[in-house]
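Sequence plus the predicted model coming up.
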Amino acid sequence: MVAAYVGLGANLAAPRDQVLAALDELDRLPQTRVTARSSLYRSAPLGYAAQPDFVNAVARIETALSAERLLAELLAVERRHGRERSFADAPRTLDLDLLLYGDARIDSAGLRVPHPRMHERAFVLRPLLELDPEARIPGRGPASALLAECADQRLARIA
């Protein structure tokens, strides 16, 4: 079993409900169980700003799936929630990102772990640190130091 972290976010179609439902679905993935869930956070969009705020969370899971198979399962959950990829940073019903997969560093055509922008996103780092205050991002360092660099991003704990 490998400990992995998944970032969740939504800003369309009852985003809080989308994230909560997805957390439950993660626990039903094959050979996978959710071992911890962060609080929910409201965050301002990054990139394309003309869209509603997001609801975000992070889940810690233990899985026997390979990183590639886990990503395929996450994409299937997104599709079941009506995820469309119309343009970069577009509004979405659900976004599931494989943030960390053990200590692995993966750089393949369809998968990059650690997630390539997680170190720049308060909405990922704060809930990650809630689950693991000593979290480190391979190749980047302590998540707490990286969060300090995101101090200008609007983020509020909502549940």
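Looks like it came in fine.

C-alpha from now on. contacts and neighbour counts both.
Fine.

Three-state assignment for the residue lying farthest from the centre of the chain, please.
Here the chain reaches farthest from its C-alpha mean at A50, the gap being 21.3 Å by CA atoms, centre = their mean. Under DSSP: H, G, I helix; E, B strand; the rest coil, A50 falls in the coil class.

I'd like the numbering to begin with 266 instead of 1 from here.
I'll keep to 266 as the first residue from here, and by that count the last item is A315.

Could you report the pLDDT at R386?
For R386, the model assigns a pLDDT of 97.

Then N276?
Value listed for N276 in the pLDDT field: 97.

where's the nearest residue to R401 once chain neighbours are set aside relative to L394, distance?
Closest residue to R401 apart from its sequence neighbours, by CA to CA, 6 or more residues apart in numbering: P407 at 4.2 Å. Noted for P407: a distance of 10 Å to L394, by CA to CA, to the nearest Å.

pLDDT (mean, whole number) over the longest helix along the chain?
Using DSSP state H, we find that the single longest helix of the chain is helix 332-345. Helix 332-345 carries an average pLDDT of 97.
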